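1. any chance you can model this:
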Amino acid sequence: MNLGAAEEESAQEIHIPADINWEMLDKSKFFFLGAALFSGVSGALYPAVLIKTRQQVCQSQVSCVRTAFALVRHDGLRSLYRGFGTSLTGTIPARALYMAALEVTKSNVGSVAVSLGFTEAKAAALANAVGGLSAAMAAQLVWTPVDVVSQRLMVQGGSGLAVNASRCKYVNGFDAFRKIVKTDGLRGLYRGFGISILTYAPSNAVWWASYSVAQRMVWGGIGCYVCKKDSDEANNTIKPDSKTVMAVQGVSAAMAGSVSALITMPLDTIKTRLQVLDGEDSSSGKRCGPTIGQTVRNLVREGGWMACYRGLGPRCASMSMSATTMITTYEFLKRLSAKNQEGFALK
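-> Residues are numbered from 1 along each chain as shown. As a prediction, the model looks like this:
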């Protein structure tokens, strides 16, 4: 990300590689490499997401360690990747839509903000926030149906734990898709779409804005300390190497991820239950999805308001690891996809 310089109060100036905006990218390389890199990241983090999901629909508080051991003991290691194929199929188009919306919005909003007289720091934070908001909203059009199907698969299987799984049993992702459409229609694939927007859109806006601010804070402190050995005393400048740049990006991303996870955890728990659990039978005898009110009441009845924070540990870990790997991978991807790579190479 383009920080330009360290905080204005600092006597030293930190020169880091310039940001690469949308116009500077080779789009075909950007999307092709992005699909490959983020598929790997999704695979590495999937078990944490699965454990978090099972904890959120469990009838009682169960530790993430016990959940994982129960799953592996009953169904083997492959149970930690239940529904991964379906998730991966949706991740590729959703990520492509997310990255395109993010970069286009950031470039346009950043330029407008600077032209309106915003400082570079404020313009960067604003562009990141609006970019994250629009990217999350665009991606949910693809991701919500995939999320509904993959989460139904995640909570299946006997593990010795009291899990509130749907009454339907699914063979694979296609079977789950077919049965959901048959039972609930196409709207069944968009269960929790509204609350997904309410969860992920503000969360992304907060995360990207926090990431921009966190980077400046880290560069003003740890970054300066680490880079002193490379400073040019004559010019009073600091020139960080590639490892330092990646370390600062990773630490900033983890900080932003933890804050975002904590703030949005109750909404994420409600969203997961809306997408996974069956509702009450209506007067006509047809099954309908649960309402937000029913979901909240069930949660409070099962474990009080703290039940909304079931799975917080795995979610914080997942979001922090995801944020760290995502941002370092994303920045690396942008440099690989730059039309003029020599101008943006890390030294």
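2. how many residues are close by residue 252?
-> 25 (other C-beta atoms under 10 Å). Where you see a C-beta, it was placed from the backbone N, CA and C, and this is true even at glycine.
3. quick check: which element contains it?
-> helix 242-276 (DSSP states H and E).
4. packing partners for that helix?
-> On a contact count with 3 or more C-beta pairs under 8 Å, 6 or more residues apart in numbering; DSSP states H and E, helix 242-276 meets helix 27-56, helix 120-154, helix 193-218, helix 224-227, helix 292-303, helix 312-336.
5. let's have those in TSV, adding distance to residue 272 and mean neighbour count.
-> What follows is those, written out as TSV (distance: least, C-beta to C-beta, whole Å; neighbours: other C-beta atoms under 10 Å):
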stretch	distance to residue 272	mean neighbour count
helix 27-56	4	19
helix 120-154	6	23
helix 193-218	10	21
helix 224-227	39	17
helix 292-303	9	15
helix 312-336	10	20
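6. save the ones you listed as CSV, and put in mean pLDDT and distance to residue 264 too.
-> Output for the helices and strands packed on helix 242-276, formatted as CSV (pLDDT from 0 to 100; distance: least, C-beta to C-beta, whole Å):
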stretch, mean pLDDT, distance to residue 264
helix 27-56, 83, 13
helix 120-154, 88, 11
helix 193-218, 83, 5
helix 224-227, 58, 32
helix 292-303, 83, 15
helix 312-336, 81, 9
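7. now residue 68: how far from residue 53?
-> 12 Å (C-beta to C-beta, to the nearest Å).
8. that should have said residue 137, apologies.
-> For residue 137 relative to residue 53 (C-beta to C-beta), the value is 22 Å.
9. quick revisit: who wins for proximity to residue 269 among the helices and strands packed on helix 242-276?
-> helix 27-56 (4.8 Å; C-beta to C-beta).
10. who's in contact with residue 47?
-> Residues counted as contacts of residue 47 (C-beta atoms under 8 Å, 6 or more residues apart in numbering) are 68, 80, 81.
11. from the residues you listed, list just the buried residues.
-> 68, 80 (16 or more other C-beta atoms under 10 Å).
12. quick one: which of the contacts of residue 47 has the lowest pLDDT value?
-> Note: of those, the lowest pLDDT belongs to residue 68, at 84.
13. and stretch 21-41, how far out from the chain middle?
-> Counting by C-alpha atoms, centre = their mean, to the nearest Å, stretch 21-41 is centred 17 Å from the centre of its parent chain.
14. what comes into contact with that stretch?
-> Contacts for stretch 21-41 (C-beta under 8 Å, 6+ apart): 88, 91-92, 95-96, 99, 103-104, 106-107, 110, 322, 325-326, 329, 332-334, 336-340, 344.
15. now residue 314: how far from residue 130?
-> 30 Å.
16. give me phi/psi at residue 119?
-> When read as degrees, to the nearest 10, the backbone of residue 119 gives phi -70, psi 160.
17. do the same with residue 25
-> The phi/psi pair for residue 25 (degrees, to the nearest 10) reads phi -90, psi 140.
18. pLDDT score assigned to residue 16?
-> Taking residue 16 on its own, its pLDDT is 59.
19. use 404 as the first number for this chain going forward.
-> Fine by me, first position is 404 from now on; the one you just mentioned is residue 419.
20. residue contacts, the closest residue to residue 550 other than its chain neighbours?
-> Nearest residue to residue 550 in three dimensions, chain neighbours excluded: residue 678, at 6.3 Å (C-beta to C-beta, 6 or more residues apart in numbering). Listed by C-beta under 8 Å, 6+ apart, the contact set of residue 678 reads 550, 551, 554, 555, 594, 595.
21. tell me how far residue 678 lies from residue 620.
-> For residue 678 relative to residue 620 (C-beta to C-beta), the value is 36 Å.
22. same question, residue 480
-> From residue 480 over to residue 620 (counting by C-beta to C-beta), the distance is 40 Å.
23. farthest pair in the contacts of residue 678?
-> Farthest pair in these (C-beta to C-beta) is 555 and 595. Separation: 12.1 Å.
24. the closest residue in space to residue 721 that isn't next to it in sequence: what's it in contact with?
-> Among residues not flanking residue 721 along the chain, residue 451 sits closest, at 3.9 Å (C-beta to C-beta, 6+ apart). Residue 451 is in contact with 717, 718, 720, 721, 724, counting by C-beta under 8 Å, 6+ apart.
25. and the residues you listed, which is closest to residue 588?
-> Nearest to residue 588 among the contacts of residue 451: residue 718, at 30.2 Å, using C-beta to C-beta.
26. in this structure the closest one contacts residue 669, no?
-> No: Residue 718 is beyond contact range of residue 669, at 11.2 Å (criterion: C-beta atoms under 8 Å).
27. a markdown table for the contacts of residue 678, including distance to residue 585?
-> Listed next are these as a markdown table, based on distance: C-beta to C-beta, whole Å:
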| residue | distance to residue 585 |
| --- | --- |
| 550 | 19 |
| 551 | 14 |
| 554 | 18 |
| 555 | 14 |
| 594 | 15 |
| 595 | 19 |
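28. residue 573 in helix, strand or coil?
-> Of the three states, residue 573 takes coil under DSSP: H, G, I helix; E, B strand; the rest coil.
29. so it sits against residue 555, correct?
-> Yes: judged on C-beta under 8 Å, residue 573 makes contact with residue 555 at a distance of 6.1 Å.
30. okay then, goodbye and thanks.
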